[in-house]
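Peer 1: test case, fold it:
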Amino acid sequence: MSSTTVLTPSDVPATRDDAPPRRPFALVRHSAALARRSLIKLTRTPEAFIDVTLQPVIFLLLFVYVFGGAIAGDTSDYLQYLLPGILAQTVAMTITIGVNLNSDIEKGVFDRFRSLPIARSAPLVGAVFADVVRYVTICVVTLGFGYVMGFRIHTNVFAALAGCLVAVAFALCLSWVSVWVGMKVRSSGAAQGVTILVVLPLSFGSNVFVPTDTLPEWLQGFVRINPLTQLVDTVRGLFLGGPVAGPLLWTVLWMLGLLVVFVPLALRAYARKA
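Peer 2: Now for the predicted structure:
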């Protein structure tokens, strides 16, 4: 008489397909691999760097030589005031990650990602960190061309590097707003339009171009709480000297707030879109 052994689900060893092994730092590895993919795309489409290389140059030339004399009375003095603001403004205005992600979704790229045994958030995290190259490029181009025009750091090299680091970190946090927008709208063109509508008031309703106390009183309240104003004050203090602790604290708080609010929103929108 033969006997039959019945295996329970707990007795059946998990196969690679049924339960992919959990490895430490999987999200970091997956995100790094997808960030590398994004960087390869950038190297094959060098025109994607036009905004981060030409925009700060155009803004410096335009505002220093066209408006500098009227605003400050002297173009050299205005360049010293303007450049930290242009650096902060450019890292905010060149955030296009939401547009790129929406375009990838339209092309079906994310369908392939969903079939891979990777963390669900890895495509978003990898795309955000790949943009570090764009923001570092902005810092190099802005400071390099600014020096050609006559801008000078009044503090030291380490303070200047710290200012660039804060600007890049702020841009990474602000990128999650663009990611959320890219996950919510239906087309890449709509993502670009919404992102511009969000960034423009932050850019021009700040102290990038003129001191806050020269603005109408009804506008000064918004300018003072504007996160870009706090970033500009931080970068100016680190580049030119002056108070840094207060603006830096507010900048860090804004960055934490952006992460706490928009990272979960972006991940939830991505899960629903998927």
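
Peer 1: ok, residue 69 - contacts?
Peer 2: Residue 69 makes contacts with 75, 78, as judged by CB atoms under 8 Å, 6 or more residues apart in numbering. Every C-beta, even on glycine, is put in place using the N, C-alpha and C of the backbone.

Peer 1: likewise for residue 238?
Peer 2: 155, 159-160, 162-163, 166, 244.

Peer 1: next, residue 210: secondary structure please.
Peer 2: Secondary structure, DSSP: H, G, I helix; E, B strand; the rest coil: residue 210 is coil.

Peer 1: hmm, it is touching residue 70, no?
Peer 2: No - the criterion here is CB atoms under 8 Å, and residue 210 misses it with residue 70 at 10.8 Å.

Peer 1: so if I had to pick from these two, which one is more boxed in?
Peer 2: residue 210 (17 against 8; other CB atoms under 10 Å).

Peer 1: now the more buried one: closest residue in space that isn't a chain neighbour?
Peer 2: Nearest-residue entry for residue 210: residue 71, 6.3 Å, with adjacent residues in sequence omitted and distances by CB to CB, 6 or more residues apart in numbering.

Peer 1: element containing the one you found, please.
Peer 2: Assigned by DSSP states H and E, residue 71 belongs to helix 68-72.

Peer 1: and that helix, how far from the chain's centre?
Peer 2: 30 Å (CA atoms, centre = their mean, to the nearest Å).

Peer 1: thinking again about what came up before, touching, the residue nearest to residue 210 and residue 208? I think so.
Peer 2: No - Residue 71 is beyond contact range of residue 208, at 11.7 Å (criterion: CB under 8 Å).

Peer 1: so for the two, which sits in the more crowded spot?
Peer 2: residue 208 (26 against 19).

Peer 1: so, low pLDDT: which residues of the protein?
Peer 2: The model of the chain has pLDDT under 70 over residues 1-25, 110-111, 273-274.

Peer 1: which elements pack onto the strand or helix carrying residue 128?
Peer 2: Taking DSSP H and E as the criterion, residue 128 maps to helix 122-130. The helices and strands touching helix 122-130, judged by 3 or more CB pairs under 8 Å, 6 or more residues apart in numbering; DSSP states H and E, are helix 26-44, helix 97-107, helix 109-115, helix 157-184, helix 245-273.

Peer 1: now those helices as CSV including mean neighbour count and distance to residue 134?
Peer 2: Conversion of the helices and strands packed on helix 122-130 to CSV gives the following (neighbours: other CB atoms under 10 Å; distance: least, CB to CB, whole Å):
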stretch, mean neighbour count, distance to residue 134
helix 26-44, 16, 8
helix 97-107, 21, 9
helix 109-115, 13, 19
helix 157-184, 21, 8
helix 245-273, 16, 18
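
Peer 1: who wins for proximity to residue 229 among the ones you listed?
Peer 2: Closest approach to residue 229 among the helices and strands packed on helix 122-130 (CB to CB): helix 245-273, 8.2 Å.

Peer 1: the inter-axis angle of the closest one versus helix 122-130?
Peer 2: 150 degrees (axes from the mean of the first three to the mean of the last three CA atoms, to 10 degrees).

Peer 1: what about helix 245-273, distance to the chain center?
Peer 2: Offset of helix 245-273 from its chain centre (CA atoms, centre = their mean): 11 Å.

Peer 1: do stretch 178-193 as well
Peer 2: Counting by CA atoms, centre = their mean, stretch 178-193 comes out at 15 Å from the chain centroid.

Peer 1: would you mind measuring the gap between the ends of it?
Peer 2: 11 Å (CA to CA, to the nearest Å).

Peer 1: ok, now which ones touch residue 181?
Peer 2: For residue 181, the contact set (CB under 8 Å, 6+ apart) comprises 98, 191, 194-195, 198.

Peer 1: how about residue 239?
Peer 2: 83-84, 153-155, 159-160, 163 are the contacts of residue 239 under CB under 8 Å, 6+ apart.

Peer 1: at 10 Å what do you get?
Peer 2: 80, 83-84, 87, 143, 146, 151-155, 159-160, 162-164 (CB atoms under 10 Å, 6 or more residues apart in numbering).

Peer 1: what helix or strand does it sit in?
Peer 2: Take DSSP H and E as the rule and residue 239 turns out to sit in helix 227-240.
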